[in-house]
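Participant: Here is my input, please return the structure:
(chains A and B)
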Number of protein chains: 2
Amino acid sequence: MGLTDLVLVNPRCFPDDEATRLAAGAEDVIDAARVAETLSDAVGDCVQVVGASARLRSMPLPHYDEPDEMARDVVEKAITDPVALVFGRERFGLTNDEIGHCSHQVSIPANPDYGILNLSQAVQVLAYEVFRAWRRRPGSGFIPQRPAHDRPPTHEQLHHFHSHLSRVMQASGFLTQPHAHTEKQLQALFARAQPSRKELSLLRGLLSALEPKDAGEN
Amino acid sequence: MGLTDLVLVNPRCFPDDEATRLAAGAEDVIDAARVAETLSDAVGDCVQVVGASARLRSMPLPHYDEPDEMARDVVEKAITDPVALVFGRERFGLTNDEIGHCSHQVSIPANPDYGILNLSQAVQVLAYEVFRAWRRRPGSGFIPQRPAHDRPPTHEQLHHFHSHLSRVMQASGFLTQPHAHTEKQLQALFARAQPSRKELSLLRGLLSALEPKDAGEN
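Facilitator: Have a look, this model is predicted:
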């Protein structure tokens, strides 16, 4: 999700072969990870420190109920100053003392009957939201990867296709006279399908094969 | 994320003790999981079948670049008919043949240098988006869990607080005369902080403690 600055607070074991193995292609993030002795050290230079917490706390920090609102705020602040997302341990999250070092809290809405996410899942969802807020900000330059579809057809190519379709419908006896309503319905259908140039050529071939041999180009 | 209808296509091993163990509280989803022999069987009754795929395919299925758009569509269709999200294997995702059984594809935007998510992460992100689309639809009745903050103060309680603050500022010599601009700045600051009734009472106590003993209530 494009996040690179990982800080580990007082880790049990680091560097750790298992962490490197599980990074599966993102070893650069692990290799560049910093270790801090305390959370306070880790977030000392940050202007916004958002603690992820599923549990309801009595601590009245500003609380984001919606991760996307949190993401927009941290991305905006991160333009000028460092910000941090803080995650706790797999088993019991952040302690009250650790939440006390945060400026904000965020929780991930979930099924009330089972509202606790795994640590990795919580990290994924919030990183996904931060990445989205980043790529949607004006001037991010992010271009979604798209399947290498064929080029769309020109207006003229579409027009030829629909003329061909009309000829075939009349030649087959399906339409006994030009029938604007049926033709418009089919035009709308193919407009929704957005055929590529290649697909249109496939359809033209099919129409030719279906065309009565004596109908010709008339 | 509130999804309950899990279908496993031709699983290597099911029921599986490890799956049950990892479900950690969501055993009901595992217990209710159905097994299908083929993907085609699994999605036979669905009106929309969305395949999750990180790789770019030559198959020109309708493609969602944004998971939230996919989620809004499937939630809307799910009002009347079953829909499905389809995920492939951890190592190589969905085969082309399996994608061929889908009506749509979705991919999760990611760092172009490392665009592949773990299976569990991909499931989490798309389930999160479906849950969000569900809870945001009109009439969902979803209420976010909120920390049990204190009640907000009344207008009158706020007014007493600001009067008290003004008295203390003048009595301390910080303000030598009523100074509307400074008072308005502090009013705005406390309006942004949105103190609870309990916090306001804490601040009143602090003001009383700071108040010069001879200033009294004048």
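
Participant: which residues does the residue nearest the centre of chain A contact?
Facilitator: With distances taken as CA atoms, centre = their mean, residue A:132 lies nearest the centre of chain A, 6.6 Å away. Each residue near residue A:132 by CB atoms under 8 Å, 6 or more residues apart in numbering or on different chains is listed here: A:68, A:71, B:109. In short, each C-beta sits where N, CA and C put it, glycine included.

Participant: what sits against the second one?
Facilitator: Under the criterion of CB under 8 Å, 6+ apart, the neighbours of residue A:71 are A:126, A:129, A:130, A:132, A:133.

Participant: what do you get if the cut-off is 7 Å, keeping everything else the same?
Facilitator: A:129, A:130, A:132, A:133 (CB atoms under 7 Å, 6 or more residues apart in numbering or on different chains).

Participant: thinking again about what came up before, which strand or helix spans the residue nearest to the centre of chain A?
Facilitator: Using DSSP states H and E, residue A:132 sits within helix A:119-136.

Participant: and the next element down the chain from that helix?
Facilitator: Assigned by DSSP H and E, the successor of helix A:119-136 is helix A:155-171.

Participant: Show the average pLDDT along stretch A:175-192.
Facilitator: Averaging pLDDT along stretch A:175-192 gives 82.

Participant: Same check on stretch A:121-140?
Facilitator: Computed over stretch A:121-140, the mean pLDDT rounds to 92.

Participant: Need the CA coordinates for that stretch. PDB is fine.
Facilitator: Only the C-alpha atoms of stretch A:121-140 are listed here, as PDB (Å, rounded to 0.1, in the frame of the first residue of the first chain):
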ATOM      1  CA  GLN A 121      -6.100  -7.200   8.900                       C
ATOM      2  CA  ALA A 122      -6.300  -4.000  10.800                       C
ATOM      3  CA  VAL A 123      -3.000  -2.800   9.300                       C
ATOM      4  CA  GLN A 124      -4.200  -3.800   5.800                       C
ATOM      5  CA  VAL A 125      -7.500  -1.900   6.000                       C
ATOM      6  CA  LEU A 126      -6.000   1.300   7.400                       C
ATOM      7  CA  ALA A 127      -3.000   1.200   5.000                       C
ATOM      8  CA  TYR A 128      -5.500   0.700   2.200                       C
ATOM      9  CA  GLU A 129      -7.400   3.700   3.300                       C
ATOM     10  CA  VAL A 130      -4.300   5.900   3.600                       C
ATOM     11  CA  PHE A 131      -3.200   4.700   0.100                       C
ATOM     12  CA  ARG A 132      -6.600   5.600  -1.300                       C
ATOM     13  CA  ALA A 133      -6.600   9.000   0.300                       C
ATOM     14  CA  TRP A 134      -3.100   9.600  -1.100                       C
ATOM     15  CA  ARG A 135      -3.900   8.500  -4.700                       C
ATOM     16  CA  ARG A 136      -7.200  10.400  -4.700                       C
ATOM     17  CA  ARG A 137      -5.700  13.700  -3.600                       C
ATOM     18  CA  PRO A 138      -5.400  16.300  -6.400                       C
ATOM     19  CA  GLY A 139      -2.200  15.900  -8.400                       C
ATOM     20  CA  SER A 140      -1.300  12.400  -7.000                       C
END
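
Participant: buried sites along it?
Facilitator: Across stretch A:121-140, burial judged by 16 or more other CB atoms under 10 Å in any protein chain shown covers A:121-135.

Participant: dump the residue contacts of residue A:40.
Facilitator: Applying CB under 7 Å, 6+ apart, the residues near residue A:40 are residue A:101.

Participant: got the CA coordinates for the strand or helix carrying it in CSV?
Facilitator: If you go by DSSP H and E, residue A:40 is part of helix A:39-42. C-alpha atoms of helix A:39-42 as CSV (Å, rounded to 0.1, in the frame of the first residue of the first chain):
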residue,chain,number,x,y,z
LEU,A,39,6.4,4.6,21.7
SER,A,40,7.1,8.2,22.8
ASP,A,41,10.4,8.0,21.0
ALA,A,42,8.9,6.5,18.0
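
Participant: Past it, which element shows up next along the chain?
Facilitator: strand A:48-52.

Participant: by contact count, what packs against that next one?
Facilitator: Applying 3 or more CB pairs under 7 Å, 6 or more residues apart in numbering or on different chains; DSSP states H and E, we find strand A:48-52 packed against helix A:67-77, strand A:83-86, strand A:104-106.

Participant: go with 10 Å
Facilitator: helix A:39-42, strand A:63-64, helix A:67-77, strand A:83-86, helix A:96-99, strand A:104-106, helix A:119-136 (3 or more CB pairs under 10 Å, 6 or more residues apart in numbering or on different chains; DSSP states H and E).

Participant: Now for the residue nearest to residue A:200 when sequence neighbours are not counted, how many residues are close by?
Facilitator: Nearest residue to residue A:200, sequence neighbours excluded (CB to CB, 6 or more residues apart in numbering or on different chains): residue A:153, at 4.8 Å. Residues lying near residue A:153 (other CB atoms under 10 Å in any protein chain shown) number 20.

Participant: Show me the shaky parts of chain A.
Facilitator: Residues of chain A meeting the criterion pLDDT under 70: A:55-60, A:115, A:145-150, A:178, A:214-218.

Participant: do that again at 80, thanks
Facilitator: A:24-25, A:54-60, A:112-116, A:143-151, A:176-180, A:212-218 (pLDDT under 80).

Participant: okay but the residue nearest to residue A:200 is in contact with residue A:201, surely?
Facilitator: Yes - Residue A:153 is in contact with residue A:201 according to CB atoms under 10 Å; the separation is 8.7 Å.

Participant: got a list of what residue A:1 touches?
Facilitator: Residues counted as contacts of residue A:1 (CB atoms under 10 Å, 6 or more residues apart in numbering or on different chains) are A:123-132, A:134, B:108-111, B:114, B:117, B:121, B:125.

Participant: Okay, it and residue A:26: tell me how far apart.
Facilitator: 10 Å (CB to CB, to the nearest Å).

Participant: Now for the two: what residues contact both?
Facilitator: B:111, B:114.

Participant: Validate this expectation: residue A:8 resides in a strand.
Facilitator: Yes - Residue A:8 sits within a strand when classified using DSSP: H, G, I helix; E, B strand; the rest coil.

Participant: my guess is it meets residue A:33, correct?
Facilitator: Yes - with contact defined as CB under 10 Å, residue A:8 and residue A:33 form a contacting pair (5.7 Å).

Participant: shared neighbours, the two?
Facilitator: A:14, A:19.

Participant: Any idea how many residues pack against residue A:176?
Facilitator: Residue A:176 has 8 nearby residues by other CB under 10 Å.

Participant: do the same with the one 10 residues further on
Facilitator: Using other CB under 10 Å as the criterion, residue A:186 is surrounded by 14 other residues.
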